[in-house]
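A.B. asks: Model the structure of this input:
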Amino acid sequence: MHRDDEFEVVLEEGRFVASAFDLVRRALEKLFIRTQKWRDLAELLRAEIDRAEGDDRVTRTFELGELHEKQLDEAALAVEQYEAVL
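C.D. replies: Purely as a prediction, here's the structure:
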């Protein structure tokens with residue numbers, strides 16, 4: 001197998017893993033919402049924010065702020081997240 005072929009195989013495997021990770025992440029998010037596991041959802045969002053860039057990072061940070069405000073009744077932490085969006 002040539003190096004270019006090996007690279008394409010590895011790239012395709014990476015795409016598959018990334019896609020599977022995204023499916024698992026979305027399933028966890030739905031589960032945490034349905035079961036009202038707000039702290040677990042906050043942890044998941046924090047991990048996503050650490051990896052995210054651009055608009056996705058802004059969106060997830062805002063969602064974390066809403067979670068702190070509306071579900072966890074943690075106004076100070078909500079404000080921190082909202083300020084990070086600005």
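A.B. asks: where do the helices sit along this structure?
C.D. replies: Under the criterion DSSP state H, helices of the chain are mapped to 3-34, 38-51, 54-66, 75-85.
A.B. asks: Output these in TSV; the columns should cover mean neighbour count.
C.D. replies: Heads up, the C-betas are built off the backbone N, CA and C, glycines and all. Formatted as TSV, the helices of the chain follow (neighbours: other C-beta atoms under 10 Å):
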stretch	mean neighbour count
helix 3-34	11
helix 38-51	16
helix 54-66	16
helix 75-85	14
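A.B. asks: Would you convert those into TSV that also reports mean pLDDT?
C.D. replies: Below are the helices of the chain laid out as TSV (pLDDT from 0 to 100):
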stretch	mean pLDDT
helix 3-34	86
helix 38-51	96
helix 54-66	97
helix 75-85	98
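A.B. asks: any idea how far residue 17 is from residue 51?
C.D. replies: Here the criterion is C-beta to C-beta, to the nearest Å. By it, residue 17 lies 14 Å from residue 51.
A.B. asks: So for residue 1, what's the pLDDT?
C.D. replies: Per-residue confidence (pLDDT) for residue 1: 59.
A.B. asks: Closest to the centroid, which residue in the protein?
C.D. replies: Residue closest to the mean C-alpha point of the chain, counted by C-alpha atoms, centre = their mean, is residue 48 at 2.8 Å.
A.B. asks: can you tell me how far the nearest residue to residue 65 once chain neighbours are set aside sits from residue 23?
C.D. replies: Once flanking residues are discounted, residue 65 sits nearest to residue 81: 3.2 Å by C-beta to C-beta, 6 or more residues apart in numbering. According to C-beta to C-beta, residue 81 stands 26 Å off from residue 23.
A.B. asks: Check residue 55 too.
C.D. replies: From residue 55 over to residue 23 the distance is 21 Å, taken as C-beta to C-beta.
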